[in-house]
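# Predicted structure and sequence below. I'll ask about it afterward.
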There are 4 protein chains.
Amino acid sequence: MTKNQVPSSIKDEALVEKRREQMVKGAVTLFTEKGFHKTTTREIAKAAGFSIGTLYEYIRKKEDVLFLVCDSMYERVKERMEDSIDQNETSIDNLVCAVRSYFTLMDDMQNEVVVMYQEVKSLSKDAQDYVLQKERDMVAMLEKVIINSLPNQLLEGDTALIANNIFVQGQMWGFRRWMLQRTFTLQTYTDRQIHLLLQGLNVQEANLS
Amino acid sequence: MTKNQVPSSIKDEALVEKRREQMVKGAVTLFTEKGFHKTTTREIAKAAGFSIGTLYEYIRKKEDVLFLVCDSMYERVKERMEDSIDQNETSIDNLVCAVRSYFTLMDDMQNEVVVMYQEVKSLSKDAQDYVLQKERDMVAMLEKVIINSLPNQLLEGDTALIANNIFVQGQMWGFRRWMLQRTFTLQTYTDRQIHLLLQGLNVQEANLS
Amino acid sequence: MTKNQVPSSIKDEALVEKRREQMVKGAVTLFTEKGFHKTTTREIAKAAGFSIGTLYEYIRKKEDVLFLVCDSMYERVKERMEDSIDQNETSIDNLVCAVRSYFTLMDDMQNEVVVMYQEVKSLSKDAQDYVLQKERDMVAMLEKVIINSLPNQLLEGDTALIANNIFVQGQMWGFRRWMLQRTFTLQTYTDRQIHLLLQGLNVQEANLS
Amino acid sequence: MTKNQVPSSIKDEALVEKRREQMVKGAVTLFTEKGFHKTTTREIAKAAGFSIGTLYEYIRKKEDVLFLVCDSMYERVKERMEDSIDQNETSIDNLVCAVRSYFTLMDDMQNEVVVMYQEVKSLSKDAQDYVLQKERDMVAMLEKVIINSLPNQLLEGDTALIANNIFVQGQMWGFRRWMLQRTFTLQTYTDRQIHLLLQGLNVQEANLS
DNA sequence: GATGAATGAGCGTTCATTCAT
DNA sequence: CATGAATGAACGCTCATTCAT
């Protein structure tokens, strides 16, 4: 299942792409402010800059908008992660660097993350599976980096667990901002988490560049 | 603000307590299955075992049910945490023990945790503040245990961060069960997280009883 | 149909009388403030000083309260009118005196009058007929006074019309207070209306005592 | 405040006008039969010939329907009054003529008048003020005619009082029809009231054309 | 006689979705 | 392709009335 699983009655694919971008952009703002359920389709249409009738030319159901939002988020996350991670590099530096860029990314996408956390349940079972798979892919990316950086040093389960921890700690930066962003800046939060992580991995930070 | 901030038109306080327990129990199941917004007040009433009219004798608005769910959860969590933590013990054992019982608790309350994660935004600003304060209290409890167990060994910010990490990792067990509970049992999950934690703290696990 | 047409399950008639008085007193205030429909039976019970269960021991339906209010009003009006009118006096003085006391009465019962005007429609057909009959009785009393005061000087229709006009002008003092009581006091309103009335009747006011 | 204070989500203003006319027409019948409170919004929609959803495209709240009814009534009354009164004419004829056309008008709008008398209290404070102001305007129109017809012959207070009496007597024809229309036709009612009025004003009717 | 907890029919209102223009 | 008027199922909530204690 991909975004192509959300059919549109409009033929011109470039137009579909464009309209959906407008839609997603407006929707994220609205969902962040009032949540998926309290946002009406009319509001989405208005925020996107077209009429309610037009909105329904590009989606079938309200839920499709939410799906599109999630999908576009993962798309962007994946893109940026792939750009910033060198999957073949094997030093610890690479792990640190990956965590840094992931946390920065999560900082940029706080709103999207919050929306996702709160609204996935509103998606159909199929769409949920799709979204969950994307999450697994993300965690897998982190796992790979860990394994590359620390070959043969960890139990298999521990790798998965550490990847998960990092993944969640990134999301928490946005999701628990009311608590964390009182005490930390993105910089200090990242630094301290990396510090704890490396200690947990028994790595001497002094060795890092 | 406490549950007493949700007024009832019924005078018999014991009855109010009892009915609200029925209500919360039914509501958690429903909210877990379909979320707060897709659950109707009639369903809540039915699940609680009384009529829609009776439901509204014990609350003012649908939102009150959600608040009651959150409140009862924190009540129970706090109670059990206080029972199982010796706030004066200063050994590392105490920290380990606290984490264990907290994780077990989170395992028992997975549904409640998921509901909280997904639906707090549906509460009024006031109620949100109340709930968030409860979370802060919980994290503070963990912080205290950490400080007691490792006096003078950590930066202040690190204590807060570690407490927060533990807190989130406990909740993670529930809200990411679709991922974690494939690979781990509660036992192994707890063991490995504690292992990583202690390594991060530079503690020799061998010393533990 | 009389108030005895509103059955009570309580045997003690004196008690019924007493409770209903409490009820009517509270109800008039409430109906004046918020109208019959927006007043709840619970509010009536509370204002009367007893519980909702007790309220329903003395009436069958909410509508009965309204009927009781109307009935008690006419009772009191009739009583006071009969006290102040000498039905056998034949001078113009008697008419003037009757109008004066009727207007004063309407001033005292402004709230009741307003309630009646606005809520009779909520009564059952039977109760409406009863209330309308009471009004006819009242107008008939005025007609009698007019005839006594001005024997053989008016067309039959005119008597009825004048009686009606007086009747309505009395009620209007309360019902249109937002307009009239800006310009007039009860005293001046009464004086000017009587002046116009007597001119219309071609009576020399100078002759009056 | 005018009917434009009742916003509609429909853009086509002509359509709004048309639908609201349908709405008001249906609503008057229903309100006359069963009163504002006992009439449901679904009944109003049905009587207007559209669905409940459509009804709410043209109003915000049920109360708006009542306001629209009142507003449309005054609109029509004012229009017809202005058509039939020559505000510069100074003869007594003009007053008589004004009263006649006003009474005829009230005959045509009996239902609306009854609704107004019974339901204004259900309007919001703002709307009530608006409606009451309209009444004042109407009375002021009558006052003007009286002054023009009888310059310098009346106390100022008397003019207001007479205008008020005429105004109420017109409405009385409708809201006391159960009493008056047994004895009078509109014709005879009008004739006799005018007769009494002119006598009260000390005018020789013989002089009239 | 008095109480108040329980009931459920019924109301006002919203909003996703459709479809004629 | 775009529009926006129309629809009606469904929701949250109220309140008159009953009846066991």
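That came in fine, so what should we check first? Numbering: from 1, shown residues only, chains lettered A, B, ... in the order given.
# tally of neighbours for whichever residue of chain A sits closest to chain C?
Across chain A, no residue is closer to chain C than residue A:38, which sits at 29.2 Å (C-beta to the nearest C-beta). In short, each C-beta sits where N, CA and C put it, glycine included. Residues lying near residue A:38 (other C-beta atoms under 10 Å in any protein chain shown) number 13.
# Also residue A:124?
14.
# Apart from its chain neighbours, what residue comes closest to it?
residue A:63 (6.5 Å; C-beta to C-beta, 6 or more residues apart in numbering or on different chains).
# Is there contact, residue-wise, from the helix or strand hosting the one you found to DNA strand E?
Assessed by DSSP states H and E, residue A:63 sits inside helix A:62-84. Yes. Against DNA strand E, helix A:62-84 shows contacts by C-beta under 7 Å from any atom of the strand at A:62-63.
# Give the next helix or strand downstream of that helix.
Proceeding N to C from helix A:62-84, the next assigned helix or strand is helix A:92-108, under DSSP H and E.
# So is that following helix next to chain B?
No. Helix A:92-108 does not reach chain B (C-beta under 8 Å from any C-beta of the partner chain); its nearest approach is 13.1 Å.
# and that helix, how far out from the chain's middle?
13 Å (C-alpha atoms, centre = their mean, to the nearest Å).
# That helix versus helix A:62-84: what angle between them?
Going by axes from the mean of the first three to the mean of the last three C-alpha atoms, to 10 degrees, helix A:92-108 is angled at 150 degrees with respect to helix A:62-84.
# Give me the contact list for helix A:92-108.
For helix A:92-108, the surrounding residues in contact (C-beta atoms under 8 Å, 6 or more residues apart in numbering or on different chains) are A:77, A:80-81, A:84-86, A:113, A:142, A:145-146, A:148-150, A:166-167, A:169-171, A:173-174, A:186, A:189-190, A:193-194, A:197-198, A:203, A:207-209.
# and if we set it to 7 Å?
A:77, A:80-81, A:84-86, A:113, A:142, A:145-146, A:148-149, A:166, A:170-171, A:173-174, A:186, A:190, A:194, A:203, A:208-209 (C-beta atoms under 7 Å, 6 or more residues apart in numbering or on different chains).
# Only the buried subset of these, as a PyMOL command please.
Here the buried members of the contacts of helix A:92-108 are turned into a PyMOL selection, burial being counted by 16 or more other C-beta atoms under 10 Å in any protein chain shown:
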select buried, chain A and resi 77+80+81+85+113+142+145+146+148+149+166+170+171+173+174+186+190+194+203
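# Which ones among the contacts of helix A:92-108 map onto strands?
Counting by DSSP state E, no part of those is found in strands.
# Of the contacts of helix A:92-108, which are in range of DNA strand F?
Answer for these near DNA strand F: none qualify (C-beta under 7 Å from any atom of the strand).
# Let me know the pLDDT of the closest residue in space to residue A:112 that isn't next to it in sequence.
Leaving aside its chain neighbours, residue A:112 sits nearest to residue A:73 (4.4 Å; criterion: C-beta to C-beta, 6+ apart). On the pLDDT scale, residue A:73 is placed at 91.
# mind checking how far residue A:73 is from DNA strand E?
21 Å (C-beta to the nearest atom of the strand, to the nearest Å).
# separation between that residue and chain B?
Residue A:73 sits 17 Å away from chain B, going by C-beta to the nearest C-beta, to the nearest Å.
# got it, and residue A:31?
Counting by C-beta to the nearest C-beta, the separation of residue A:31 from chain B is 10 Å.
# One more: residue A:138?
Taken as C-beta to the nearest C-beta, the span from residue A:138 to chain B is 11 Å.
# Check which residues of the helix or strand containing that residue are buried.
Secondary structure assignment for residue A:138, by DSSP H and E: helix A:125-149. Buried residues in helix A:125-149, counting neighbours by 16+ other C-beta under 10 Å, are found at A:127-128, A:130-131, A:134-135, A:138-139, A:141-149.
# That helix to helix A:62-84, inter-axis angle?
Going by the same axes, to 10 degrees, helix A:125-149 makes 10 degrees with helix A:62-84.
# How is chain A divided into domains?
Listed by automatic domain parsing, the domain ranges of chain A are A:8-60, A:67-203.
# hey, least reliable of the ones you listed by pLDDT?
For those, the weakest mean pLDDT is recorded on domain A:67-203, namely a mean of 90.
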